[in-house]
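1. what would the 3D arrangement of this be:
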Amino acid sequence: MKELFINNTNIILENAKDTPRCAIYLYLASNKPIPFFGAHILLGNLLLQGTKTKSAETIAQELENEGIEVSIESKSDYLKVAIVCLNEDLNKALDVVSDFMKNSTFDSFEKEVFKFKNETIASLDSPTTKACEKFLRELFINHKYGITNSKVLETIDNLKKEHVTEYYNDLMNGKKLISIAADIKNENDFIDKITEKLDFMKSIKKVEPINDRISSFKSNLFKIEKNDAKQAQIFQGWITEGIESKDCATLAVLNNILGANGLSSRLFVVLRDKMGLAYTVRSSYKTMKDGAYFMLYIGCDPNNIKKSLNGFKSEIQRLIDEPPTQEEIQGAILNYIGKYKYLHTQTNSQIASTAGYSSIIGKEIDFSEKLLNKIKNVTSKDITESVKKYLINEPLTVVLAPKEYLNF
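-> The predicted structure follows:
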């Protein structure tokens, strides 16, 4: 894999010989704040909804007829357009994507606002979604990562089409790159074709997205009444160091030991199997460009809310009192590496996506491989130090349950 700057275009290229499908991922990141809550979400929804010459139905039919997969993911950190197709259908795929990236009319704005409002309202009827939304909003309060769908819902009636086009223009003038994994016969001809058809991805000058690093939060307890909930939903977490930190590898292994490794995770074994508290219990460690968080989750009988919270606290303390054995750590490391390779290195799509993501957030294209090497060297002492540094601190906790169970 190599990084190129050709025809004023940033390109990451992996020549994957003898593969029938090519993957081309476009990443765009603005160097300005999102102009209005939800502008990035609506842009992602609108790009496939029609151009100056084609309707949404025509675009969908053209892609379906050729078996071309195009998907759009719009995060607060970047916009990602993914193209996956047979090698012989590349020209058609590039033409379709170039058209909607340059000529989308955004005429379906009102329709997409209506659709977003109804879908979000419906999703918030789910106890798990409602509690998780509250957790992220409060953990990342006054930060872009706290702009959840429920947050956008509160102000979406004031969102204008002009806000969406402003964000679109910010992306077009921001950091852009193309990440490719494909069987390439003639590299020069291939790159010329890509840069010609995707000419909107050219970078006239070097632009880096703004740094909006977040490293602190306010601990608190939030209770949500939902009287039709059959079980309690508990989210608890902390903002931690992220991908820029030496702690990233340790936290990834700690997450695997505590609650991300299914049946053998400590939370699962103790809170679910031994104590019978949980229907579902897990931990997660999520990293983004400008921050990260470590989260615990349990779905339990409302009668067991207090026991579950005490169980979280007890298992965190046990990581200090009974540090993971070398066997436990090695199992977690092997599990993490195995999952990583399965999810990120098996297909051209995974390869292009992973390298492109690393680059758009400001890391080397081989950042993930370097992280895996660090993970192999995580020790029991590292785990204990990270627990003391992050998880012993008072967390932010959200508990959703019927009103009668919230008196604790």
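2. partners of Ala401 in the sheet?
-> Beta-bridge partners for Ala401, by DSSP bridges, are Glu225.
3. what distance do you get for it to Thr354?
-> 39 Å (CB to CB, to the nearest Å). (Glycine included, C-beta is placed from N, CA and C.)
4. out of these two, which sits in the more crowded spot?
-> Set side by side, Ala401 and Thr354 show more neighbours around Ala401, with 26 against 22, by other CB atoms under 10 Å.
5. in stretch 230-246, what's buried?
-> 231-244 (16 or more other CB atoms under 10 Å).
6. tell me which of the residues you listed has the lowest pLDDT.
-> Lowest pLDDT of the buried residues of stretch 230-246: Glu244, 84.
7. in a helix, it, correct?
-> No. Read with DSSP: H, G, I helix; E, B strand; the rest coil, Glu244 is coil and lies in no helix.
8. residue contacts, Phe37?
-> Applying CB atoms under 8 Å, 6 or more residues apart in numbering to Phe37 gives the contacts Ile147, Lys151, Val152, Glu154, Thr155, Ile156, Leu159.
9. restricted to helices, list those.
-> Lys151, Val152, Glu154, Thr155 (DSSP state H).
10. list buried residues within those residues.
-> Here, 16+ other CB under 10 Å leaves Lys151, Val152 buried among the ones in helices among the contacts of Phe37.
11. ok, of the ones in helices among the contacts of Phe37, which one's closest to Asn255?
-> Lys151 (25.9 Å; CB to CB).
12. check contacts around the closest one.
-> By CB under 8 Å, 6+ apart, the contact list for Lys151 reads Phe37, Glu133, Arg137.
13. now do Ser150
-> Ser150 neighbours (CB under 8 Å, 6+ apart): Thr120, Leu124, Lys130, Glu133, Lys134, Arg137.
14. can you tell me how far it is from Ile224?
-> Note on Ser150: its distance to Ile224, by CB to CB, is 12 Å.
15. which neighbours do the two have in common?
-> Common neighbours of Ser150 and Ile224, using CB under 8 Å, 6+ apart, are Lys130, Lys134.
16. tell me, how many residues neighbour Leu79?
-> Look at Leu79: counted by other CB under 10 Å, it has 24 neighbours.
17. now do the same contact list for it.
-> Leu26, Tyr27, Leu28, Ala29, His40, Leu43, Gly44, Ile72, Glu73, Leu171.
18. ok, now Ile234?
-> Ile234 touches 131, 296-300, 305, 308-309, 397-400, counting by CB under 8 Å, 6+ apart.
19. what does Ile337 give?
-> Neighbouring residues of Ile337 by CB under 8 Å, 6+ apart: Leu372, Ile375, Lys376.
20. with Gly242 instead?
-> Neighbour list for Gly242: Cys248, Thr287, Met288, Asp290, Gly291, Ala292 [criterion: CB under 8 Å, 6+ apart].
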